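Novice: here are the coordinates; sequence isn't available:
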């Protein structure tokens, strides 16, 4: 089993159902940092990201705060796990996150607010410009990544299809007509292996919507 959680700087842990123990730890958070701000470390403790097995020796991974890359981790002959490839994806944001520090407990552009871990009696507000919504294997052997990416005050759903055999982004689609504002109302909750994306509306009258993407 692949378990995403923070433990001694590692983000992904492999649990054996046979032995009942953690048998491997991979993804060093320091390899994923995109800023020099110490506060970013705190984000990985609560949002390690998504990982899926591609075979017994290969795992695909993206951080929760997507930086525009998909990482492939491979088990070596000695049993250690290391980065095999980092595949450039599509991104329309820079940076992926902005930190706001203030004396106020709320901020009109924040997705998450809390006490500033650096102290000073201030609050820290995290404004995410990129939010991963998981990796999904497809029947044709490719891997799809879903994320919301910011453009000014809007967030668009971006669908990336990665060709794992050739280590490249195969194609991408931008869905910008879902009525998405700064805080996305419609969030993908699943994608099946045939390319159907399931959305749940976070509203007073929630609906389940099913999309199917067809590429020409």
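Specialist: Structure's in. What do you need? Just so we're clear, the structure is a prediction, and the values are computed from it rather than from any experiment.
Novice: and residue 51, what does it touch?
Specialist: Counting by Cβ atoms under 8 Å, 6 or more residues apart in numbering, residue 51 makes contact with 2, 4, 12, 27, 59, 60, 61, 73, 135. For glycine as for every other residue, the C-beta is placed from the backbone atoms N, C-alpha and C.
Novice: Need the buried ones from those residues selected in PyMOL.
Specialist: Entered in PyMOL, the line below selects the buried ones among the contacts of residue 51, by 16 or more other Cβ atoms under 10 Å:
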select buried, resi 12+27+59+60+61+73+135
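Novice: can you list the contacts of residue 51 in TSV and add pLDDT?
Specialist: Shown next, in TSV, are the contacts of residue 51 (pLDDT from 0 to 100):
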residue	pLDDT
2	92
4	90
12	91
27	88
59	95
60	96
61	95
73	94
135	95
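Novice: The nearest residue to residue 110 once chain neighbours are set aside: helix or strand, and which one exactly?
Specialist: Nearest non-adjacent residue to residue 110, counting by Cβ to Cβ, 6 or more residues apart in numbering: residue 125, 3.6 Å away. Residue 125 is part of strand 123-128 when elements are defined by DSSP states H and E.
Novice: residues in contact with the residue nearest to residue 110?
Specialist: By Cβ under 8 Å, 6+ apart, the contact list for residue 125 reads 99, 100, 101, 102, 106, 107, 109, 110, 112, 113.
Novice: One more: residue 4?
Specialist: Each residue near residue 4 by Cβ under 8 Å, 6+ apart is listed here: 11, 12, 13, 48, 49, 50, 51.
Novice: Which pair of these spans the longest distance?
Specialist: Using Cβ to Cβ, the two most remote members of the contacts of residue 4 are 13 and 50, lying 13.7 Å apart.
Novice: circling back: just the buried subset of the contacts of residue 125, please.
Specialist: In those, burial by neighbour count holds for 99, 107, 110, 113, counting by 16+ other Cβ under 10 Å.
Novice: Now do residue 111, the pLDDT please.
Specialist: For residue 111, the model assigns a pLDDT of 69.
Novice: er, residue 87 actually
Specialist: Residue 87 is assigned a predicted lDDT (pLDDT) of 96.
Novice: Need the contacts of residue 4 in a markdown table (columns: distance to residue 81 and secondary structure).
Specialist: Putting these into a markdown table (distance: Cβ to Cβ, whole Å; DSSP: H, G, I helix; E, B strand; the rest coil) gives the following:
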| residue | distance to residue 81 | secondary structure |
| --- | --- | --- |
| 11 | 12 | strand |
| 12 | 9 | strand |
| 13 | 11 | strand |
| 48 | 15 | coil |
| 49 | 15 | coil |
| 50 | 16 | strand |
| 51 | 11 | strand |
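Novice: Let me know the helix or strand that residue 64 is in.
Specialist: Following DSSP H and E, there is no helix or strand that holds residue 64.
Novice: for the residue nearest to residue 42 when sequence neighbours are not counted, helix, strand, or coil?
Specialist: Nearest residue to residue 42 in three dimensions, chain neighbours excluded: residue 117, at 5.6 Å (Cβ to Cβ, 6+ apart). Under DSSP: H, G, I helix; E, B strand; the rest coil, residue 117 falls in the coil class.
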